[in-house]
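In: Quick one: sequence plus predicted model below, questions after.
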Amino acid sequence: MCGIVGFTGMQNAAPVLLEGLKKLEYRGYDSAGIAVMNNEAISVSKVTGRIANLCARTRDGADLPGTTGIGHTRWATHGAPTEENAHPHLSNDGRFAVVHNGIIENYLSLRDELRQDGYRFESETDTEVIVHLIELYYRGDMHEALVRTTNRLSGSYALGVICSDEPGKIYAAREASPLILGVGIRENFFASDVTALVSHTRNVIYLEDGEFAELTKDSVRIFDCLNQTVEKKISRIAWNVQAAEKGGFEHFMMKEIMEQPGAVKATIAPRIRDGRVVFDELTLTAEELREIRQIVITACGSAYYAGCAARYALERLTHIPVVLELASELRYSDPLIDEHTLLIVISQSGETADTIAALKECKARGARTLAVVNVVGSTVAKLADNTVYTWAGPEIAVATTKGYTTQVSVLYLLAVYIGDRLGLLENEYKTLVKDLQHLPRRIQQTIDLNASIPDLAKKYHSSKALFFIGRNTDYAVSLEGALKMKEISYLHSEAYAAGELKHGTIALIEEHTPVIALCCNPAIMGKTLSNIVEVKSRGAEVLALTFRSNQKIISVADDLLFIPDTDPLFSAVTEIVPLQLLAYYVAKENGCDIDKPKNLAKSVTVE
Ligand code: F6R
């Protein structure tokens, strides 16, 4: 939520900041602003709406000359998306500007205190207290002002600060919100994530909680909360600039759907060597795995649904019971978790506030923790005892696609890996490994098999509500399919376990209600077929998703989507693809902003 960026160098800062903000816009896009320092004065420009408005307002940055500046794109938490509430916020004396991602939990008491000291507030935000505290504590030394200010803050923050008394310098500080420094040649940067940096430099430093940084064009210095120098290593980002561009596609979402065969291959291929699943990054021994009595999977949104989808493979291959719990619930549920629990947390961004809190809670109760994460160096990745990266590359569209399929793929690999250590039979093991190796090709085949989706979208896009039904893995994929549909097309979509229909939901089925029926497991297909017949006899229009050789369904369904014939144990990564495409084309028919759906943000760093 919210993206921040900072630049100091030889060229004008504003165009660099605007370009960076465009890359961060997926993090929040209801208002934006930049502050640039020139001749020891700070100029600010803020707008409501998208970065494009800010570019227009500043004539692509030309109106704010100066080589040092900070910028922000907002997802409103405290205060409506107005220009007053947009960042950067200025101090009353105009000498300091601040951008902030996170939430200051004690802002109300700080605001009262600062008001009593005579400070004037221009916004309703929690952030504004920070800039007034800096003004209060600044006695010619920004380090001291930052240490004293951050000492007063409870909550989370990634901060960017400039001070007109300190030309050429940008400051950044971090506590529980992502922040990365970019190290260039005669220019340096900070940003909420690497996508804003890769076009300038691939050399980065990951700031830790409690640290702050002082950047000039020629130096990057990092300090801890006691103002002691901290030595940090420079890491090299593996992604290139193209990975964060649309590459000829109309939307990032379509690009990312099409990237799935490659992303899943990048996730699986390096982890299968000589026919064996290998996880060089795992420190869990076979002995430790034998002591595990339950696997608890926790995450939010699609990442949670990835866990739901992979649960069947994990249980069948490891014989360990799997419990699924939403991170926002788990953190407050006083969970029955101890050292015999393997906690698997799943997060594309690695910065989701509830997921981080659930991970901390379970760690404190003694669980062994394993994170499945996409963003290298993220908070979840650092907190967990074991981290397995999904190697999906940057995911920019707010609605996840390749993030989900690579998460499920890693969980499949883990199921086979742990199962092997706990005594999986060699013959079954070999077949499973082969099936995993075929997944990238099967995803491509799925894309090729479903060329009719744009036409189907024309038929279904004006529906009032859609129902997704299925059993077991089909049900888990239905949950993700319904979420994709509702978040980007704004159509009311609900997923139900097919067997639950007659316990209430079937009352909602009427003439032409679309029911998307997932039917990809031959062993239980007959049961879902009965549910299809039930809804059809009440007038529903059925779009069935099934495996290619399934003849039985042809006479029952109105329309069909296909996956190639595949072991149902690993079918979720193919099943979801037609549903992603359907959601995409329905949203397109409805003229929705596909990459940036309303009210959403990519990285949910607040509770
Ligand atoms: C939906 C979506 C969200 C995320 C959720 C968790 O398309 O992207 O539901 O899956 O916010 O995000 P991460 O995986 O970053 O923890």
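Out: Here it is on my side, so go on.
In: all contacts plus neighbour counts: C-alpha atoms, from now on.
Out: OK.
In: Gln444 against Ala263, yeah?
Out: No: using CA atoms under 8 Å, Gln444 makes no contact with Ala263, being 11.4 Å away.
In: The two: who's more crowded?
Out: Ala263 (22 against 19; other CA atoms under 10 Å).
In: didn't the more buried one look like it was pressed against Pro394?
Out: No: in this structure Ala263 lies outside contact range of Pro394 using CA under 8 Å: 10.3 Å.
In: Quick one: residues in contact with stretch 593-607.
Out: 1, 26-29, 75, 102-103, 177, 251-253, 328, 349, 351-354, 396-399, 487-489, 584, 587-588 (CA atoms under 8 Å, 6 or more residues apart in numbering).
In: Can you confirm whether that stretch lies near the ligand?
Out: Yes: contact of stretch 593-607 with the ligand is found when judged by CA under 6 Å from any ligand atom, involving Ser603, Val604.
In: Now Ile205: phi and psi?
Out: phi -120, psi 130 (degrees, to the nearest 10).
In: near the ligand, which residues of the stretch 501-607 of the chain?
Out: Near the ligand, when you scan the stretch 501-607 of the chain using CA under 6 Å from any ligand atom, you find Ser603, Val604.
In: hang on, Ser156 in a helix?
Out: No: under DSSP: H, G, I helix; E, B strand; the rest coil, Ser156 sits outside any helix and is assigned strand.
In: isn't it right next to Glu175, touching?
Out: Yes: assessed by CA under 8 Å, Ser156 is found in contact with Glu175 at 5.3 Å.
In: any weak-confidence spans in this protein?
Out: Nowhere does the chain drop to pLDDT under 70.
In: what about the longest helix in it?
Out: helix 426-449 (DSSP state H).
In: And that helix, what does it pack against?
Out: Contact partners of helix 426-449 among helices and strands, from 3 or more CA pairs under 8 Å, 6 or more residues apart in numbering; DSSP states H and E: helix 260-268, helix 402-421, strand 559-563, helix 572-589.
In: change it to 6 Å
Out: In terms of contacts (3 or more CA pairs under 6 Å, 6 or more residues apart in numbering; DSSP states H and E), helix 426-449 is packed against helix 260-268.
In: next one: the very next helix or strand once past the helix it packs on to chain centre, how far?
Out: Following helix 260-268 in sequence order, the next helix or strand is strand 272-273 (DSSP states H and E). How far strand 272-273 lies from its chain's middle: 28 Å, per CA atoms, centre = their mean, to the nearest Å.
In: How about residues contacting strand 272-273?
Out: With CA atoms under 6 Å, 6 or more residues apart in numbering as the contact definition, strand 272-273 has outside contacts at Val278.
In: neighbouring strands for it, and are they parallel or not?
Out: Strand 272-273 pairs in its sheet with strand 276-277 (antiparallel), by DSSP bridges.
In: Just the C-alphas of the helix or strand that the strand it pairs with is followed by, formatted as PDB.
Out: Scanning forward in sequence from strand 276-277 by DSSP H and E, the next helix or strand is helix 286-290. Provided in PDB are the C-alpha atoms of helix 286-290 (Å, rounded to 0.1, in the frame of the first residue of the first chain):
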ATOM      1  CA  ALA A 286      14.100 -35.900   7.600                       C
ATOM      2  CA  GLU A 287      14.200 -36.400  11.400                       C
ATOM      3  CA  GLU A 288      12.700 -33.000  12.000                       C
ATOM      4  CA  LEU A 289      10.000 -33.700   9.400                       C
ATOM      5  CA  ARG A 290       9.100 -37.000  11.200                       C
END
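In: The helix or strand following helix 286-290 pairs with which strands?
Out: Sequence-wise, the next helix or strand downstream of helix 286-290 (DSSP H and E) is strand 294-299. Sheet pairing for strand 294-299, assigned by DSSP bridges, gives strand 322-326 (parallel), strand 341-347 (parallel).
In: Tell me if the last one is near the ligand.
Out: Yes: counting by CA under 6 Å from any ligand atom, the ligand is contacted by strand 341-347 at Ser347.
In: Check the offset of that strand from the chain's centre.
Out: For strand 341-347, the distance to the chain centre is 16 Å (CA atoms, centre = their mean).
In: what's it in contact with?
Out: Against strand 341-347 from outside (CA under 6 Å, 6+ apart): 292, 294-299, 303, 367-373.
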